[in-house]
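Peer 1: Next input, structure requested:
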Amino acid sequence: MLDVPHELVEHVSWLIYTRRRELNSRWRRLSCFKQALLVLAHLRKNETFARVAAGFGVSEATAWRYVEETVEVLAAWAPGLREALVGLGEGDFVIVDGTLIPTDRINADEPYDSQKHRKHGMNVQVVAAPDGTPLWFSRALPGRTHDLTAAHAHGIVQACLTREVLVLADRAYRGAGATFRTPYYHHHELPGHYQQYNRDHARLRAPGERAFAQLKSWKVFSKARCSTNRISRLIAAVHTLIIHSPATSENSG
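Peer 2: Take a look at the predicted model:
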């Protein structure tokens, strides 16, 4: 069983159909719907190309081409940072956070060695709505990249300042300034209202974890075995799937 809504498979099928029309591709081994199932099985369950190829009766090379083609199509529909902030302004707030996508990099690859997480991986930033809905995911940076450095590199700090959007973030973003608000350090030694501020800040920021939970429910990110560029495309592709996934629906088999 593939635990994704039937409507999502149909949506991906339509995008594949549109791409085939653009390429004037008259015949393929698999229908658009079956190609969508193959790709979603790879992304959702982290099935290898060999396994999905065998399951759908195509060669491993063909399975790889189907996945790469569909990921490219999906990634193109992912919102950019400016687009994600449209409609937000003074009085609104977003949650910014970072996570590590584990990789199988070797110990010699120091830039990918996250000392915070004690493992190799890629740093990914998210801008989320107050309810945890992911508005935008960044491209992947080496895991050693500090969250504050990543926020500046991706233009998050400046973009939120330009639109006057309040940002709630954890202590890793201390020093961002602009419209960023982070918890107080050593709050136990400070007056009670500082402690209350930290509690309120944590409560409002907590739903941000849902954004990464949704991303990582796609098992292709359980341990990435590909380049940083491909990981970034995969993140954008999965974000498109998250956006278009119905809240409740029957699963596809």
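
Peer 1: Quick check: residue 124 is in a strand.
Peer 2: Yes: membership of residue 124 in a strand is supported by DSSP: H, G, I helix; E, B strand; the rest coil.

Peer 1: That one: neighbour count?
Peer 2: Per other C-beta atoms under 10 Å, the neighbour tally for residue 124 reads 25. Heads up, the C-betas are built off the backbone N, CA and C, glycines and all.

Peer 1: likewise residue 150?
Peer 2: There are 22 residues near residue 150, going by other C-beta under 10 Å.

Peer 1: Which pLDDT does the model give it?
Peer 2: pLDDT recorded at residue 150 is 97.

Peer 1: which strands and helices sit next to whatever helix or strand it lives in?
Peer 2: Using DSSP states H and E, the element containing residue 150 is helix 147-153. Under the contact definition 3 or more C-beta pairs under 8 Å, 6 or more residues apart in numbering; DSSP states H and E, helix 147-153 sits against strand 93-102, strand 119-128.

Peer 1: Which parts of the stretch 101-250 of the chain are strands?
Peer 2: Counting by DSSP state E, counting those that start in this stretch, the stretch 101-250 of the chain has strands at residues 113-114, 119-128, 134-137, 141-142, 166-168, 180-181.

Peer 1: Now do the helices in this structure.
Peer 2: In the chain, the segments counted as helices under DSSP state H are 6-23, 32-45, 49-56, 60-76, 81-85, 147-153, 156-162, 192-205, 209-216, 228-244.

Peer 1: For the fourth one, name the packing helices and strands.
Peer 2: Spelled out, it's helix 60-76. helix 6-23, helix 32-45, helix 49-56, helix 228-244.

Peer 1: circling back to that earlier point, pick the most buried one from the helices of the chain.
Peer 2: helix 32-45 (a mean of 22; mean count of other C-beta atoms under 10 Å).

Peer 1: Who are the packing partners of that helix?
Peer 2: strand 2-5, helix 6-23, helix 49-56, helix 60-76, helix 228-244.

Peer 1: And it, how far out from the chain middle?
Peer 2: 18 Å (C-alpha atoms, centre = their mean, to the nearest Å).

Peer 1: And for stretch 123-134?
Peer 2: 9 Å.

Peer 1: Touching, residue 211 and residue 96? I think so.
Peer 2: No: Residue 211 lies out of contact with residue 96 (C-beta atoms under 8 Å); the separation is 10.1 Å.
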